[in-house]
Each structure stands twice: as C-alpha cells, then as structure tokens.
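J.: predicted coordinates and the sequence they were generated for:
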Amino acid sequence: MLRILIVVLLVAMILSLVSGAAFFFKDQGEGRRTLFALGVRVTLAVLLIICLVYGVMSGELRLDAPWLHQP
C-alpha cells in the first residue's frame, strides 16, 4: 500500500511540474497559477519525504543496495 502511495505522489509531482510549466509559458510569467503549482509541488514533495521516512522506520521499505552488504 505504501509503495502505491509513493508512486501516486511521484506521478502527481510530475503532473504538477508539467502544469506549472504550461502555466508559466501560457501566462508569460504573469499570474498566480505558476506559484500555486509550485506550492502544490512542494506540498507533494514533503508528503513524499514523510512517506519514505515512515516506510524506512517501520521496516516496510528496506535498503537493499548491494554496496551496503560488503564483507
């Protein structure tokens, strides 16, 4: 369940990035929609970090990088 939430947050961040770029080019930098998209993206990033920290701390997400298990 947590992995699905992380993927959904990543996709939402990408969509917010694309919409912010579209607003920026369409409004020629004049408008508040670009700023709103940035706020949404920052909020999603904070939620993503919280989910990742929770997943690592609870043991639901593990660090299985090969360089962590060197003899």
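T.: Nice, thanks for sending it over. Just so we're clear, the structure is a prediction, and the values are computed from it rather than from any experiment. Numbers count the residues shown, from 1 in each chain.
J.: for this protein, give me the ranges with low pLDDT.
T.: Within the chain, the stretches with pLDDT under 70 are 71.
J.: just the buried residues of stretch 55-71, please?
T.: 55, 61 (16 or more other Cβ atoms under 10 Å). C-beta: built from backbone N, CA, C; applies to glycine.
J.: try stretch 8-21
T.: Of the residues in stretch 8-21, those buried (16+ other Cβ under 10 Å) are 9, 12-13, 16, 19-20.
J.: wait, which of those residues is closest to Ile50?
T.: Taking Cβ to Cβ as the measure, Ile50 lies nearest Leu9 of the buried residues of stretch 8-21, at 9.7 Å.
J.: without its sequence neighbours, what residue ends up closest to that closest one?
T.: Here the nearest residue to Leu9 in space, its sequence neighbours aside, is Leu48; by Cβ to Cβ, 6 or more residues apart in numbering that works out to 4.5 Å.
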